[in-house]
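J.: Sequence and predicted structure, then a few things I'm wondering about:
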Amino acid sequence: MKYYSTNGKAPLADLRKAVVKGLAEDRGLYMPQSLKRLPDSFFDSIDKLSFQEIAFNVAEAFFGEDIPADRLKAIVYDTLSFDCPVVKVTDSIYSLELFHGPTLAFKDVGARFMARLLQYFRDGDGLVNVLVATSGDTGSAVANGFLGVEGTRVFVLYPKGKVSPIQECQFTTLGRNITALEIDGVFDDCQALVKNAFMDDELNSLMKLTSANSINVARFLPQSFYYFYAYAQMKARGLADNLVICVPSGNFGNICSALFAKAMGLPVKRFIAANNINDVFYKYLQTGVYTPKHSVQTLANAMDVGDPSNFARILDLYGGSWENIRKDISGAVVNDSAIKKSILECWRDNAYLLDPHGACGFRALSDGLQPGEAGVFCETAHPAKFKDTVEKVIGEPVAIPERLAEFMKGQKQAVSLPKDFEDFKYYLKTTAR
Ligand SMILES: *Cc1c(COP(=O)(O)O)cnc(C)c1O
């Protein structure tokens, strides 16, 4: 499979290049040249298959030409060492729980897959430097996905004071091949530093740099696995005919992989992109005009994005057509008070505890579901990752799962840097090799 750039001015890349480079030469995002439709027979019997079996079928459609089946199978099965169950919340609303991985957020799936794929592609003894900007959960998922993976070194850039203490300890306490960089700025500054590093000829001549942000196809494509699996679980319940999927969105990588799944034949009726008040995509759906903004801090901080990087992919997937995008996706904006209200009401009425991101999804789906439809929203993180917020809202203690408590015992280690590219570049030149 070849990958082209959304900006159309870079040469086609093979999978190895797309994964190692992350971003195309013209700053565009890589897109697979074709999306294979999976056969009807696959969807007819999908509810009889395990998560790993479903995922391997999907992975073969993406990567089968480039990776031998036995290696791909090992990567997929090793990545998916945990379940992504669909859990009933109300009669028509179900939660796709994506927080059962090592760092309790959905990014574990893509990060674990990418680490294993990069290891597969690593040539000889070269060291690969992985740069990742995080607004919260990406950093921990990538750091943990790569922890101890030979030949890789990870730099996690995060905005000082803008991630929760629990999120922070998940990538600042690991040590080994993981370094946390505390940037004096906001998430968009971190993202800009990473993007600029990839465009810098001098840095690229000195070291092998790769991105593990959701722009990387190796992180982004595997996220489609759990949408097929969610469909399978809804089909087993007899609820898959008018299925609506609602995805709490920030950089729009997660929902974009769901749209890819639909393009591969997954019978989803429509999608809802739930935003917090960072509503650039919502405004686009209303007006057809895309206007990036500075991000604003909210309770759902992993969605505090003012210029979603995967917007370019969505546009490309729909041939630039606003009308066609609007046929498949509607939008919703959930402000902080609605997030709190949803957490409280869902806990009180359904005994189901939401995290602030899942709360955006639940709210948008509850408001947007039509009669005769069944809906699945992504519960993208475990509520205990946002313990302070959630406890304040429901007035009850939230238990911390064991694997989360483990992180909190560690000692925080981070390097502080200003948000200027020259400082970051100097740091990399003197540190990474
Ligand atoms: C990253 C993240 C999101 C947003 O996902 P995108 O792919 O960036 O749209 C939502 N919720 C949580 C908990 C996240 O970590």
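T.: That came through, no problem. On a predicted model such as this, the values are computed, not experimentally measured, just so you know.

J.: What does the pLDDT read for residue 124?
T.: Per-residue pLDDT puts residue 124 at 68.

J.: now residue 174, what's its secondary structure?
T.: State at residue 174, reduced to three classes by DSSP: H, G, I helix; E, B strand; the rest coil: coil.

J.: How about residue 181?
T.: Per three-state DSSP, residue 181 ends up strand.

J.: Now do the contacts for the closest residue to residue 99 other than its chain neighbours.
T.: Closest residue in space to residue 99, ignoring its immediate chain neighbours: residue 382 at 3.9 Å, by Cβ to Cβ, 6 or more residues apart in numbering. Using the backbone N, CA and C atoms, a C-beta is placed for each residue, glycine as well. Residues near residue 382 by Cβ atoms under 8 Å, 6 or more residues apart in numbering: 99, 104, 105, 355, 401, 404.

J.: Go ahead and confirm residue 334 touches residue 275.
T.: Yes: contact criterion Cβ atoms under 8 Å: residue 334 and residue 275 qualify, at 7.0 Å.

J.: From residue 334, how far off is residue 370?
T.: From residue 370 over to residue 334 the distance is 19 Å, taken as Cβ to Cβ, to the nearest Å.

J.: if I look at the residue nearest to residue 99, how far off is the ligand?
T.: Going from residue 382 to the ligand by Cβ to the nearest ligand atom, to the nearest Å gives 9 Å.

J.: Give me the pLDDT value at that residue.
T.: Reported pLDDT for residue 382: 95.

J.: what does the stretch 201-350 of the chain have sitting close to the ligand?
T.: 214, 248, 249, 250, 251, 252, 253, 254, 302, 303 (Cβ under 6 Å from any ligand atom).

J.: what residues does whichever strand or helix holds residue 347 touch?
T.: Using DSSP states H and E, the element containing residue 347 is helix 336-350. For helix 336-350, the external contacting residues (Cβ under 8 Å, 6+ apart) are 89-90, 276-277, 298-300, 334, 352-354, 356, 359-360, 362-363, 366, 383, 389-390, 393-394.

J.: any idea which helix or strand of this protein has the worst average confidence?
T.: strand 208-211 (a mean of 84; mean pLDDT, DSSP states H and E).

J.: Beyond that one, next helix or strand please.
T.: Strand 208-211 is succeeded, C-terminally, by helix 217-220 (DSSP H and E).

J.: can you count the residues close to residue 65?
T.: 12 (other Cβ atoms under 10 Å).

J.: actually residue 249, not the one I typed
T.: Applying other Cβ under 10 Å, I find that residue 249 has 33 neighbouring residues.

J.: is it true that it touches residue 281?
T.: Yes: assessed by Cβ under 8 Å, residue 249 is found in contact with residue 281 at 6.9 Å.

J.: Can you classify residue 299 by secondary structure?
T.: coil.

J.: Can you give me the separation between the nearest residue to it once chain neighbours are set aside and the ligand?
T.: Excluding the flanking residues, the one nearest residue 299 by Cβ to Cβ, 6+ apart is residue 356, at 4.2 Å. Distance, residue 356 to the ligand, by Cβ to the nearest ligand atom: 8 Å.

J.: and what of residue 49?
T.: 25 Å.

J.: where along the stretch 51-200 of the chain do the strands fall?
T.: Counting by DSSP state E, counting those that start in this stretch, the stretch 51-200 of the chain has these strands, from start to end: 86-88, 93-97, 128-133, 152-159, 178-184.

J.: thinking in terms of the whole chain, how far from its middle is the fourth one?
T.: Distance, stretch centre to chain centre, for strand 152-159: 16 Å (Cα atoms, centre = their mean, to the nearest Å).

J.: Quick one: residues contacting the closest residue to residue 22 other than its chain neighbours.
T.: In space, and not counting its chain neighbours, residue 22 is closest to residue 211: 3.1 Å by Cβ to Cβ, 6+ apart. When contacts are counted by Cβ under 8 Å, 6+ apart, residue 211 touches 22, 23, 130, 131, 132, 194, 198.

J.: Just the buried residues of the helix holding residue 347, please?
T.: For helix 336-350, burial by neighbour count (16 or more other Cβ atoms under 10 Å) applies to 336, 338, 339, 340, 342, 343, 344, 346, 347.

J.: likewise stretch 179-188?
T.: For stretch 179-188, by 16+ other Cβ under 10 Å, it's 179, 180, 181, 182, 183, 185, 186, 187, 188.
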